[in-house]
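*Asks:* Pasting the sequence and the predicted model now:
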Amino acid sequence: MAASESFVDRLGVYGRTADDGTARLELDATEEHLNDAGTVHGGVLATLVDTAMGHAVRSLSGDDDVPATSQLTVTYLRAGKPGHLAVVGRVSKQGEHLTVCEADVEQDGRPLVHAVATFAVLHT
């Protein structure tokens, strides 16, 4: 792994965009992303929703602010398979110290995962 390559880059995440409290990203799930059962690993899916929601929070905060996940609930609606995954994260409620977000992962136009998280914004 190159020094400048982040964890999500190594995972294969691409198409990252974030604006006005909404973030989008994509992943083409391959054999490397599967668990022993042959489905997309839950940790990969949790990383995707956490990353999307973090980018959504960051799109509303200062450049030096760091969103830190304080709570994450992931609901796996069905098993994922190799192929394209589309992720959307959005800020639902922004408080004085905490921000609540939601995210969804779709595959083949069908819901795969729904997540809710709470973020604290750390000021560096």
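*Replies:* Thanks, I have the structure now.

*Asks:* Report all helices and strands that the strand ranked longest in the chain contacts.
*Replies:* For the chain, the strand with the greatest residue count under DSSP state E is strand 110-123. Using 3 or more C-beta pairs under 8 Å, 6 or more residues apart in numbering; DSSP states H and E as the contact test, the elements touching strand 110-123 are helix 42-58, strand 65-76, strand 98-107. Backbone N, C-alpha and C define where each C-beta goes, glycine included.

*Asks:* Burial-wise, tell me which of those comes out on top.
*Replies:* helix 42-58 (a mean of 22; mean count of other C-beta atoms under 10 Å).

*Asks:* Averaged pLDDT, it. What do you get?
*Replies:* Averaged across helix 42-58, pLDDT comes to 97.

*Asks:* Format the CA atom coordinates belonging to it as CSV.
*Replies:* Output in CSV follows, covering the C-alpha atoms of helix 42-58 (Å, rounded to 0.1, in the frame of the first residue of the first chain):
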residue,chain,number,x,y,z
GLY,A,42,-20.4,-7.1,6.6
GLY,A,43,-17.3,-5.2,7.6
VAL,A,44,-16.9,-3.9,4.0
LEU,A,45,-20.6,-2.7,4.0
ALA,A,46,-20.2,-1.1,7.5
THR,A,47,-17.1,0.7,6.2
LEU,A,48,-19.0,2.0,3.2
VAL,A,49,-21.9,3.5,5.2
ASP,A,50,-19.5,4.9,7.8
THR,A,51,-17.4,6.6,5.2
ALA,A,52,-20.3,8.0,3.3
MET,A,53,-21.9,9.5,6.4
GLY,A,54,-18.5,10.9,7.6
HIS,A,55,-18.1,12.7,4.2
ALA,A,56,-21.7,14.0,4.5
VAL,A,57,-20.9,15.5,7.9
ARG,A,58,-17.6,16.9,6.7
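
*Asks:* starting at the chain centroid, how far to that helix?
*Replies:* Relative to the centre of its chain, helix 42-58 is centred 2 Å away, using C-alpha atoms, centre = their mean, to the nearest Å.

*Asks:* I'd like to know which elements that helix is packed against.
*Replies:* Using 3+ C-beta pairs under 8 Å, 6+ apart: helix 42-58 touches helix 7-11, strand 14-19, strand 22-29, strand 65-76, strand 83-94, strand 98-107, strand 110-123.
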